[in-house]
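Asker: Next one to model:
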Amino acid sequence: MPNLVKVNYEQTGASKSTNEFGMREMQAKAYEARNAQYLLLKAPPASGKSRALMFIALDKLRNQGLKKIIVAVPERSIGGSFAPTDLKSHGFFEDWDVKPKYNLCTTEDNASKVSTFKEFLEGDAEILICTHATLRFAFEQLTESKFNNTLLAIDEFHHVSADGENRLGEVLRNLIEKSSVHIMAMTGSYFRGDSVPVLLPEDEAKFVKVTYNYYEQLNGYEYLKSLGIGYHFYQGQYTSAIDEILDTDKKTILHIPNVNSGESTKDKHREVGTILDIIGRVAKNAPNRTPITF
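Answerer: From the prediction side, this is the model:
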C-alpha cells in the first residue's frame with residue numbers, strides 16, 4: 001500500500017542546536033513565557049520538556065520570588081528525567097540541583113515520602129521530585145496555603161481530568177482557587193482516551209499556552225529527510241496480519257500494543273514470539289545479554 005501521507009523535512013538541525021543559554025528551540029520558546037503563573041507546555045516526546053522546566057523553575061526561584069519547586073511525575077522511573085543537571089557549562093546561570101533526600105522517586109516507603117514532602121515545605125530545600133500519587137497523598141494532609149510561593153510542575157499533564165472523581169484534577173483545582181501557587185503543566189498529548197476534558201474551559205483559559213508541534217520537531221532534525229504514513233486494515237488479531245506488511249529488508253521499529261488496548265492479545269511475550277516466527281527462524285540467542293522486559 002502506498003503512503004497516504006508523506007512529508008518532506010528541511011533538516012535544519014534547529015531541534016538539537018542550542019542558543020547562548022544552552023536552550024534548544026522549544027526550550028527557548030517556553031522560556032519566553034516564564035513569567036506566566038499558569039503555563040501549559042505542549043511538545044512532542046524527546047523535545048526537551050524536562051530541561052525546559054529546569055530553566056523556567058530556576059528563573060522563578062531566583063528572579064520571581066518563588067521559594068519551592070515541586071515536580072510531580074506519573075511514575076518513579078520518569079523522575080530520572082529531572083535528576084541533577086549541568087546547565088551552567090552550557091551558558092545558563094545556575095545548575096539544576098536536587099538533593100537525594102528530596103527525590104522521592106528513589107524510595108518505596110510511601111509513609112516516609114509523605115512526611116518528607118511535608119518536611120520539604122517547611123525546610124530550606126528548594127526542589128522536590130515526587131510521583132503524582134505522592135502529591136495526592138501529601139495534599140490530603142496539607143492546606144492549600146502551604147503551596148503559596150511554590151511552582152508545581154506536573155509532567156504528563158493529561159493524567160489530570162476535569163472529572164470530579166479524578167483526584168489529581170481536584171488537587172489542581174483547589175490549588176488554583178485557594179493558593180498563590182504557580183503551575184507548569186507539561187504533556188506530549190493534550191487529550192485523554194476517554195471523553196472527559198483535561199481541564200474545564202474556565203480553568204484552561206487561565207493558562208498561557210506554549211505549543212511546539214511535531215512538524216517543528218521533525219523539521220529541525222538533521223538527518224530526517226521525509227516521513228511517510230500508510231494504513232493497513234485487518235480483522236481479528238494484528239499478529240495474524242502483520243506478516244503482510246513486514247519488510248525485513250527495511251529498518252523497522254515494531255511497537256507492541258499496550259496490554260490495556262483493544263489490539264493487545266494480553267500476552268506481550270507471546271506476541272513477540274509470534275512476530276519472530278513470522279520474520280524467520282531464530283539461529284541463536286546472544287549470551288550474557290539483559291532479558292527484554294515489557
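Asker: got any ranges where the stretch 151-294 of the chain has weak pLDDT?
Answerer: 164, 190-197, 287-294 (pLDDT under 70).
Asker: let's go with 80 and repeat that
Answerer: Counting by pLDDT under 80, the stretch 151-294 of the chain has low-confidence residues at 159, 161-165, 189-200, 214-215, 218-224, 227-229, 258-261, 282, 284-294.
Asker: quick one, strands of the chain?
Answerer: 5-8, 38-42, 68-73, 127-131, 150-154, 182-187, 208-211, 226-229 (DSSP state E).
Asker: Dump those to CSV, plus distance to Phe139.
Answerer: (C-beta placed from N, C-alpha, C; glycine too.) Listed next are the strands of the chain as CSV, based on distance: least, C-beta to C-beta, whole Å:
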stretch, distance to Phe139
strand 5-8, 43
strand 38-42, 18
strand 68-73, 10
strand 127-131, 11
strand 150-154, 10
strand 182-187, 14
strand 208-211, 24
strand 226-229, 42
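Asker: Which one, of the ones you listed, ends up nearest to Leu121?
Answerer: If you check each of the strands of the chain against Leu121 by C-beta to C-beta, strand 68-73 wins as the nearest, at 6.7 Å.
Asker: For that closest one, name the packing helices and strands.
Answerer: helix 49-63, helix 110-122, strand 127-131, helix 132-139, strand 150-154 (3 or more C-beta pairs under 8 Å, 6 or more residues apart in numbering; DSSP states H and E).
Asker: Any idea how many residues pack against the nearest residue to Val73 once chain neighbours are set aside?
Answerer: Sequence neighbours aside, Asp155 is the residue nearest to Val73 in space, at 4.6 Å (criterion: C-beta to C-beta, 6 or more residues apart in numbering). Asp155: 26 surrounding residues under other C-beta atoms under 10 Å.
Asker: so what's Asp155 up against?
Answerer: Counting by C-beta atoms under 8 Å, 6 or more residues apart in numbering, Asp155 makes contact with Lys49, Ser50, Leu53, Val71, Ala72, Val73, Pro74, Ile78, Ser81, Met186, Thr187.
Asker: Nice, that's everything, thank you.
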